[in-house]
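J.: Sequence first, predicted model second:
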Amino acid sequence: MGDDVLRLASAVRARVPSCGIVLMMAGNRPAAVGRAMAAGVHGIVPTDTGLPRLIATLKGVAAGCVTMAPSLAGSAMGLGVPGAGPATKLSTRESQVLRLTAGGATVKEIAAELYLAAGTVRNVTSASIKKLGGRNRFDAARIAVEQGWI
């Protein structure tokens with residue numbers, strides 16, 4: 001991901017602010033993730049991403065969420081990257097589950113992505129809903145997005 005791509009992303013965002021931009025990136029490079037997010041990119045997926053994860057990312061970006069693979073989202077933490085969020089009352093696992101939920105992933109897809117049992121995903125989701133006062137998992141994800149926690 002060179003400077004030309006980032007300049008183009010930044011120019012598109014400046015010209016059409018409502019346009020969501022998703023980039024594919026090889027490797028897990030925290031500095032590149034931070035630069036991409038600073039350029040206005042809303043989603044980043046690894047080049048080896050499967051179709052279901054790519055579709056979930058596109059749905060998340062279309063819904064106005066910053067969406068990326070958990071392996072890349074960890075890179076963004078602590079970089080002052082929009083969407084990485086300030087300190088939150090959510091655990092890392094809760095943030096991961098809610099970020100994938102906001103991206104449109106099902107419980108089964110989240111479980112596969114995070115290498116968890118579906119029951120564990122439901123338990124983490126339930127704890128997130130209680131912490132945030134949400135009505136359901138999607139409402140909890142919306143609250144977390146609005147607060148800038150995911």
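T.: Good, I have the coordinates.

J.: tally of neighbours for residue 128?
T.: 25 (other Cβ atoms under 10 Å). C-beta coordinates here come from the backbone N, C-alpha and C atoms, glycine included.

J.: Would you confirm that it contacts residue 90?
T.: Yes: the pair residue 128 and residue 90 qualifies as a contact (Cβ atoms under 8 Å) at a distance of 6.5 Å.

J.: Report the central residue of the chain.
T.: residue 67 (2.7 Å; Cα atoms, centre = their mean).

J.: pLDDT weak spots in the protein?
T.: Within the chain, the stretches with pLDDT under 70 are 1-2, 28-30, 69-88.

J.: now with 50?
T.: Residues of the chain meeting the criterion pLDDT under 50: 77-87.

J.: Which parts of it are strands?
T.: Counting by DSSP state E, the segments of the chain that form strands are 22-25, 43-46, 67-68.
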